[in-house]
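Visitor: sequence plus predicted model, see below.
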Amino acid sequence: MPEQDEQETYDYVVVGGGTAGSVVAARLTEDPGVSVAVIEGGPSDVDRPEVLTLRRWLGLLGGELDYDYPTTEQPRGNSHIRHSRARVLGGCSSHNTLISFKPLPSDWAEWVEAGAEGWDAAAMDPYYDRLLNNIVPVDEKDRNAIARDFVDAAQRATGVPRVEGFNKKPFTEGVGFFDLAYHPEDNKRSSASVAYLHPVMDVRPNLTILLETWAYRLELDGERVTGVRVRTADGVEKTVTAAREVVLCAGAVDTPRLLLLSGIGPKDDLTGLGIPAVHDLPGVGENLLDHPESVIVWETHGPIPENSAMDSDAGLFVRRDPGSPGPDLMFHFYQIPFTDNPERIGYEKPPYGVSMTPNIPKPRSRGRLYLTSADPEVKPALDFRYFTDEDDHDGRTLVDGIRIAREIASTEPLANWLKREVCPGPDVTGDEELSEYARKVAHTVYHPAGTCRIGAPDDPNAVVGPDLRVHGLRGVRIADASVFPTIPAVNPMIGVLMVGEKCADLLTRPTNPGVDA
Ligand SMILES: Cc1cc2nc3c(=O)[nH]c(=O)nc-3n(C[C@H](O)[C@H](O)[C@H](O)COP(=O)(O)OP(=O)(O)OC[C@H]3O[C@@H](n4cnc5c(N)ncnc54)[C@H](O)[C@@H]3O)c2cc1C
């Protein structure tokens, strides 16, 4: 299709109306004198109960609102993992489980260490207080009897403190019901779009949301990014121009993908694909992080009560290494038998059951995202290099997780519910066998991050500075999970929302008017 010359200009162009993008767009348009266009690849979430009802989250994965990215071959892990990324306003906050953890002070300290000057806990905490999402503990009516008994059994088996309100103060260990961003009265999401965009999108003339519109290339004038080349749902191609700045909020997969397609990234890779390299930035796509997890499944004696917020309402953090500044093993407890991965290697799904999913809060394996084609339609390659760290810290963590899960399962009051361990099964006991099982059925907690990481200006693999500006370019910043230099020990969504708030602050505060000339 020939490119058409249609052009629109706004002060700011935000690419991606997802978790961070919703925050940035809503905050910038608080000033009626500032115009913002949001380029969002997906449709609106308004009036879509299948999206807005938190408990229906599993039904969205792999469907028409999911970009559904495969992973490359993972010789030490599970090559079949599909990475869900939401194609809808609100981004992944519109199809995730909305578990809400403020990153721990030790998480921010790691960022500062990595070159994110000014991102320490004391500086970041006010952004948490500013969040508009309705963050509340799992409501009493949603606390399932078996989840309550998991909390009691885990507390007894591990001796960690019982926590009521994980965000009240920093913790290293604890078990309890999560805080969630939801409205308990009707199980409605308090996603980024619900909390930030719905109240303002019909009343702010300075906010334009271009839905079902895909950004496929950045426009540059020398070192300055001037706008975004987009394709609308009906195939019209046009340039959306930013008088001030373009803010990339397309997420940890699509932000580096867009930069690479625009010729911004490792020069040799780009040249090899026939993409003219306009700015050599070796870190784009590097440092691909995630929280991998494994799973243990038990059959229960019978059906489990129905009530729940989203079927994984409680969890456990332990710290095996007393020298670790934060938790080094985390578990989600699922009130469902989560057998998708075990079934592939021959296990059966029990009629009724529960699961524990131990995950690695601070994985040491680092992966890489790269393009395999200059064609913007071709999905990027995601090579997480799961379980490849030198000392096998990651694999060993999951083995410890299975052993601790078994101790909890054999402790009352949980033990009384459980008929048998379905997978890996009681006969699988040796370190090597457990490791083999844990890695072969490994899954993701869906937390990809780090592919355009923050770092100091002299750090060759940093993509943005602490002000979120892309190194070596003008008129462009990044605000999404891709800027994470390291992954928080906890679930990352609140950290992403806080990045959005901080970015808006950087763009609007008087000492930094956002005119990035
Ligand atoms: C199934 C699932 C469950 C999860 N559960 C939790 C949880 O309970 N708690 C937690 O803390 N974290 C959770 N996460 C992780 C968390 O949701 C993400 O880390 C976070 O939402 C990422 O935010 P983001 O702003 O970086 O990207 P996103 O929210 O993915 O936003 C990116 C947006 O950009 C749009 N976009 C992308 N490319 C383009 C383009 N080229 N042109 C136009 N638009 C584009 C997308 O449509 C999307 O709306 C979960 C994730 C998933 C997938």
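Guide: Done, it's in.
Visitor: near the ligand, which residues of this structure are found?
Guide: 15-21, 39-42, 61, 84-87, 91-93, 95-99, 214-215, 249-252, 254, 258, 446-447, 480-481, 491-493, 496 (Cβ under 6 Å from any ligand atom). C-beta here means a position set from N, CA and C on the backbone, and glycine is covered the same way.
Visitor: hey, which helix or strand in the chain has the poorest pLDDT?
Guide: Every helix and strand of the chain was ranked by mean pLDDT, DSSP states H and E. The lowest is strand 7-15, at a mean of 94.
Visitor: and it, which strands flank it?
Guide: Strand 7-15 sits in its sheet next to strand 36-39 (parallel), strand 237-248 (parallel), going by DSSP bridges.
Visitor: so of these, which one's packed in deepest?
Guide: Mean neighbour count (mean count of other Cβ atoms under 10 Å) peaks for strand 36-39 among the strands paired with strand 7-15, with a mean of 26.
Visitor: what's the neighbour count on E432?
Guide: Neighbour count of E432, defined by other Cβ atoms under 10 Å: 9.
Visitor: got a list of what it touches?
Guide: E432 makes no contacts at all, as judged by Cβ atoms under 8 Å, 6 or more residues apart in numbering.
Visitor: can you classify the closest residue in space to A114 that isn't next to it in sequence as helix, strand or coil?
Guide: Distances taken as Cβ to Cβ, 6 or more residues apart in numbering place P485 nearest to A114, at 3.7 Å, with adjacent residues excluded. Taken by DSSP: H, G, I helix; E, B strand; the rest coil, the conformation at P485 corresponds to coil.
Visitor: show me the contacts for P485.
Guide: Applying Cβ under 8 Å, 6+ apart, the residues near P485 are 110-111, 114-116, 287, 450, 453-455, 462.
Visitor: quick one: what helix or strand has T208 in it?
Guide: Using DSSP states H and E, T208 maps to strand 207-210.
Visitor: meant to ask about G315
Guide: strand 314-318.
Visitor: what does T172 give?
Guide: Short version: T172 belongs to no helix or strand, going by DSSP H and E.
Visitor: check whether it really touches F317, as I assumed.
Guide: Yes - T172 lies in contact with F317 (Cβ atoms under 8 Å); the separation is 7.5 Å.
Visitor: need the residues touching each of the two.
Guide: Here T172 and F317 have P327 as joint contacts, going by Cβ under 8 Å, 6+ apart.
Visitor: quick one, which of those two is more surrounded?
Guide: Neighbour totals were compared for T172 and F317, and F317 leads with 26 against 18 (other Cβ under 10 Å).
Visitor: wait, the more buried one sits on P170?
Guide: No - F317 is beyond contact range of P170, at 11.3 Å (criterion: Cβ under 8 Å).
Visitor: backbone dihedrals for the closest residue to the ligand within the stretch 1-150 of the chain, please?
Guide: Among the residues of the stretch 1-150 of the chain, G18 lies closest to the ligand, at 1.8 Å counting by Cβ to the nearest ligand atom. The phi/psi pair for G18 (degrees, to the nearest 10) reads phi -100, psi -140.
Visitor: what's around it, how many residues?
Guide: G18: 34 neighbours (other Cβ under 10 Å).
Visitor: quick one: contacts for it?
Guide: So G18 contacts 40, 86, 90-93, 192, 249-251, 480 (Cβ under 8 Å, 6+ apart).
Visitor: which residues of this structure fall in helices?
Guide: Using DSSP state H, the helices of the chain run over 19-28, 49-52, 105-113, 121-130, 145-158, 192, 251-261, 267-273, 340-344, 393-409, 431-440, 493-508.
Visitor: got CSV for the contacts of G18, with neighbour count and pLDDT too?
Guide: What follows is those, written out as CSV (neighbours: other Cβ atoms under 10 Å; pLDDT from 0 to 100):
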residue, neighbour count, pLDDT
E40, 31, 98
A86, 27, 98
G90, 29, 99
G91, 33, 98
C92, 26, 98
S93, 29, 98
A192, 33, 99
C249, 33, 99
A250, 28, 99
G251, 27, 98
D480, 32, 99
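Visitor: tabulate these (JSON lines), appending distance to H393.
Guide: Listed next are the contacts of G18 as JSON lines, based on distance: Cβ to Cβ, whole Å:
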{"residue": "E40", "distance to H393": "38"}
{"residue": "A86", "distance to H393": "31"}
{"residue": "G90", "distance to H393": "34"}
{"residue": "G91", "distance to H393": "31"}
{"residue": "C92", "distance to H393": "27"}
{"residue": "S93", "distance to H393": "30"}
{"residue": "A192", "distance to H393": "33"}
{"residue": "C249", "distance to H393": "32"}
{"residue": "A250", "distance to H393": "31"}
{"residue": "G251", "distance to H393": "27"}
{"residue": "D480", "distance to H393": "27"}
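Visitor: ok, what's across the strand from the nearest residue in space to T208 that is not next to it in sequence?
Guide: Distances taken as Cβ to Cβ, 6+ apart place A37 nearest to T208, at 4.6 Å, with adjacent residues excluded. The bridge-partner assignment for A37, based on DSSP bridges, gives V13, T208.
Visitor: what residues are up against A37?
Guide: 8, 10, 12-14, 208-210, 240.
Visitor: ignoring the adjacent residues along the chain, who's closest to the residue positioned nearest the centre of the chain?
Guide: Centroid check for the chain by Cα atoms, centre = their mean gives H447 as the closest residue, at 3.8 Å. Among residues not flanking H447 along the chain, H291 sits closest, at 4.5 Å (Cβ to Cβ, 6+ apart).
Visitor: what's the burial count for that neighbour?
Guide: Residues near H291, counting by other Cβ under 10 Å: 23.
Visitor: what of D467?
Guide: Neighbour count for D467, taken as other Cβ under 10 Å: 15.
Visitor: phi, psi of it?
Guide: The phi and psi values for D467, taken as degrees, to the nearest 10, are phi -90, psi 10.
Visitor: do P184 as well
Guide: Main-chain torsions, P184, degrees, to the nearest 10: phi -60, psi -30.
Visitor: flag every buried residue along stretch 145-155.
Guide: Of the residues in stretch 145-155, 146-147, 149-155 count as buried by neighbour count, 16 or more other Cβ atoms under 10 Å.
Visitor: where does the stretch 401-517 of the chain dip in pLDDT?
Guide: Applying pLDDT under 70 to the stretch 401-517 of the chain picks out residues 510-517.
Visitor: again, 90 this time
Guide: Applying pLDDT under 90 to the stretch 401-517 of the chain flags residues 457, 509-517.
Visitor: what do you get for the stretch 1-150 of the chain?
Guide: 1-7.
Visitor: for the ligand, what is the nearest residue in the stretch 301-450 of the chain?
Guide: Going by Cβ to the nearest ligand atom, the ligand is nearest to Y446 of the stretch 301-450 of the chain, at 3.3 Å.
Visitor: that residue: neighbour count?
Guide: Applying other Cβ under 10 Å, we find 21 residues neighbouring Y446.
Visitor: having no further points to raise, I will conclude here.
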